[in-house]
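Asker: after the sequence you'll find the predicted model.
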Amino acid sequence: MSFNQNSTRSKCLTLLVEIHPVNNVKVLKAVDSSIWVQFLYPQVESHPPPENHLLLISEEKYIEKFHIHVIQEDGNKVVLRDSGHLPRERVAEDFVWAQWDMSEQRLYYIVLKKSRSILKCIQFSANEKFNLMFEAPLDITLSASGFELVNFGCDDLQDQGNLSKHLTLCVFTNHTGSLCVCYSPKFDSWEKITYSVFYFHKGHSKTFTAALGSVDSLVTKGLTFLNLDYYVAVYLPGHFFHLLNIQHPDLICHSLFLTGNNEVVDMLPHSPLQSLSGSLVLDWCSGKLYRALLNQSYLLQFLWNTQLDCEKMAVLHCVLSCGRDPRFLEAKIIQWISENISTCHSFDLIQEFIIASSYWSIYPETSNIDKLLPYSSVLTWNTEIPGITLVTEEITLPFMKVHSFKGYWEKLNSNLEYVKCSKPCLLYNNSMVKREWHSLISEEKTGRRRSMVYVRNIFDNAMKVISNLEARNLEPRLTPLFQEEDYHQRLLIGLMVSELREHLLRHLQGIGKKKIEQMVLDYISKLLDLICQILETSWRTHHLHPWVLHFRRASAAEFTVFHIMTRILEATMSLFLPLPPDLDNSENNEKLKFSIIVRLPPHIGQKICRLWDHPMSSNIISRNHVKQLLLNYKKQPQSSMIDKSPGSVEFLPLNYFIEILTDIESSNQALYAFEGHDNVDAKFVEEAALKHTTMLLGL
């Protein structure tokens, strides 16, 4: 305990009191300055350690560690051993700022060297040792005469009623190996506020300037930084609320910025708050402790109501990062996408959702996966954020003072090494899959084939993914996606598995092959399952019959679903993902595809047919060609049968009809050439008719 002898604070006593059974009292310090104490390793264990450890922090800018030996007597009695001699060690000195992290047992402090601010960190271990872990220069200005403590208790010396006169500085970490320093200088303007965040695990800092809007309201509150795991919340009561993405801070659109008259800003507490270890928050006015969490329900509500694309992007990622009940969250987001698919212009909602959700489905399992899998479909963002200006600068990385790392320190060191080596972007994309897929299709058309073992392995990969998909959904789907035999689509799925597996095996260290293979199956299954869910949800929402849209007199619901289907196709094609529904030749899928084509305006339908190399497309092209040829046809007596090639098929009605078409074509080729299809002629019609007939007969 620490207390003053009298009201003038001429002397401050720091006592170590053995309350029971002997009631010894040991004076640790009696000085003309303030003293703070902090016990190390406060966890209560069934067998108390033979030694307790106590930090003593002096206003004279030094920190000492006391070793308190205890012995156990008469069962449960624990008493001091040799209370007259308490060994001590000097931990830090000449510091101007210090922060205690209770849950991780870390001490952060800043010393000044040649007017430069140097951040240091000491890690205390249960084996009684402590190590200086790193030193890092900070581009901030601190006074040599200053002295500030964070998380060592509520300091009654500070003027809590006018925190705007004080700088704010705090260090945040999380389990992924992130290291952030948040800094706000003393306010010198009532029109705007500037603060900086040093993302040491990314190698850069960002300085944000927020416009306060109204200059009539003076700023008397301090800036609050809160640690929310993957995010840092920054807010000034009554003025703004920012939610900074610390895992992926590169693009400003992945962070949320609310400024001015906003419901979120108004609902935040106006009393000063202090972020403690983890997500604990102390209300200085009431003395109450809270655990700060992101409210999923409110985030979903905000997602439905916001109009700005940048806010849609930020909140979408924030919701998915929460991780609680992902199936429920995905269903809500899919419903939102279905109803707002045309309201977002800066990015593709479907692409962003399936990439982000797939990423978060496996991210917590493996460290460094954020460097190997895409987090977002957006690579650049040039649209301004209202009320915010931003400056990004490279910073000097922390210099690690130890050579053996475990837990958090291993992850931080891995992040720093990644930045230090300036590696090229390792994020996976489907470009390799696209090249290999086209190569295999080309080889198939020319009659050249890869080894049977190679192709069989690819299709085995596809079957594993499809089995994984079936296991995720016990109930039958309304839309039969990825269920029918389709050589090209299954080839694409299998290639995705092969390429992603090789990518992760190449760059993920210390993870077994079986675990990586399962991770790949889960990731690709998740991608395809989300595509299915989007279409399935729209189908159920509009109460359409299973599998088939109506051929004629389509309803508004059918047009809405068709529009969503076209947006799904756009999203998957640019990402080079398997396209739903499968482009196979099953009867149900043929009806679905044909029902779409016949309801389109003729000029659009023809363009789609020309791009669709498929039996049904060939049928439609053939019908249009025959219709043009026979438009002004007048029957004339046949003089003779046209010579048949040796390989022609004896199918008399068809042979007779093809002879008529050939006659018409030969009489005026230029007039009847089918626009955009120079190779469409009577022979093309004959082949299409035979293919369609054999398909109907099941041959």
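Answerer: The structure has been received and is ready for your questions.
Asker: where does pLDDT dip in the stretch 501-650 of the chain?
Answerer: Scanning the stretch 501-650 of the chain with the threshold set as pLDDT under 70 gives 545-554, 579-620, 632, 634-650.
Asker: show me where it has helices.
Answerer: For the stretch 501-650 of the chain, the helices defined by DSSP state H, counting those that start in this stretch cover 513-541, 556-575, 587-599, 602-611, 615-630.
Asker: how far is stretch 568-580 from where the chain is centred?
Answerer: Centroid separation for stretch 568-580 versus its chain: 20 Å, with Cα atoms, centre = their mean, to the nearest Å.
Asker: can you check stretch 307-326 too?
Answerer: Worked out by Cα atoms, centre = their mean, stretch 307-326 lies 9 Å from the chain centre.
Asker: got the buried residues for stretch 452-469?
Answerer: Buried residues in stretch 452-469, counted by 16 or more other Cβ atoms under 10 Å: 458, 461-462, 464-466, 468-469. Glycine gets a C-beta too; all of them are placed from N, C-alpha and C.
Asker: closest to residue 131 out of the residues you listed?
Answerer: residue 468 (44.9 Å; Cβ to Cβ).
Asker: might one say that the closest one is in contact with residue 521?
Answerer: Yes - proximity of residue 468 to residue 521 meets the contact threshold set by Cβ atoms under 8 Å, at 5.4 Å.
Asker: please name every helix or strand in contact with the strand or helix carrying residue 117.
Answerer: Assigned by DSSP states H and E, residue 117 falls within strand 116-124. Applying 3 or more Cβ pairs under 8 Å, 6 or more residues apart in numbering; DSSP states H and E, one finds that strand 116-124 makes contact with strand 88-93, strand 106-113, strand 130-138.
Asker: deepest in the core, which of those strands is it.
Answerer: Most buried of these by mean neighbour count (mean count of other Cβ atoms under 10 Å) is strand 106-113; its value is a mean of 20.
Asker: that one pairs with which strands?
Answerer: strand 95-101 (antiparallel), strand 116-124 (antiparallel) (DSSP bridges).
Asker: can you give me phi and psi for residue 437?
Answerer: For residue 437, the backbone dihedrals (degrees, to the nearest 10) come out as phi -60, psi -50.
Asker: do residue 228 as well
Answerer: phi -120, psi 50.
Asker: cool, and residue 376?
Answerer: Torsion angles at residue 376 (phi, psi; degrees, to the nearest 10) stand at phi -150, psi 160.
Asker: so who does it touch?
Answerer: Listed by Cβ atoms under 8 Å, 6 or more residues apart in numbering, the contact set of residue 376 reads 248, 251, 254, 313, 317, 352, 355-356.
Asker: now intersect these with the helices, please.
Answerer: 313, 317, 352, 355-356 (DSSP state H).
Asker: just flag the most distant two among the residues you listed.
Answerer: 313 and 355 (11.9 Å).
Asker: more neighbours: which of these two?
Answerer: Set side by side, residue 313 and residue 355 show more neighbours around residue 313, with 26 against 21, by other Cβ atoms under 10 Å.
Asker: how close does that one sit to residue 334?
Answerer: Note on residue 313: its distance to residue 334, by Cβ to Cβ, to the nearest Å, is 17 Å.
Asker: ditto for residue 239
Answerer: Using Cβ to Cβ, residue 239 is found at 35 Å from residue 334.
Asker: one more: residue 127?
Answerer: Relative to residue 334, and taking Cβ to Cβ, residue 127 is found at 51 Å.
Asker: what's the answer for residue 359, then?
Answerer: Taking Cβ to Cβ, one finds residue 359 at 17 Å from residue 334.
Asker: repeat for residue 364
Answerer: 22 Å.
Asker: between these two, which is the more surrounded one?
Answerer: Neighbours per residue (other Cβ under 10 Å) separate residue 364 from residue 334, with residue 334 holding more: 21 against 12.
Asker: so the more buried one, which of the three states?
Answerer: Using DSSP: H, G, I helix; E, B strand; the rest coil, the three-state assignment for residue 334 comes out as helix.
Asker: leaving aside the residues adjacent along the chain, what's closest to it?
Answerer: Nearest residue to residue 334 in three dimensions, chain neighbours excluded: residue 537, at 4.9 Å (Cβ to Cβ, 6 or more residues apart in numbering).
Asker: neighbours around the one you found, how many?
Answerer: Neighbour number of residue 537 under other Cβ under 10 Å is 18.
Asker: cool, residue 520 as well?
Answerer: Using other Cβ under 10 Å, residue 520 is surrounded by 24 other residues.
Asker: re the thing from before, isn't the residue nearest to residue 334 up against residue 333?
Answerer: No - Residue 537 is beyond contact range of residue 333, at 10.1 Å (criterion: Cβ under 8 Å).
Asker: can you pull the contacts of residue 396?
Answerer: Residue 396 touches 136-137, counting by Cβ under 8 Å, 6+ apart.
Asker: now it: phi and psi?
Answerer: phi -70, psi 130.
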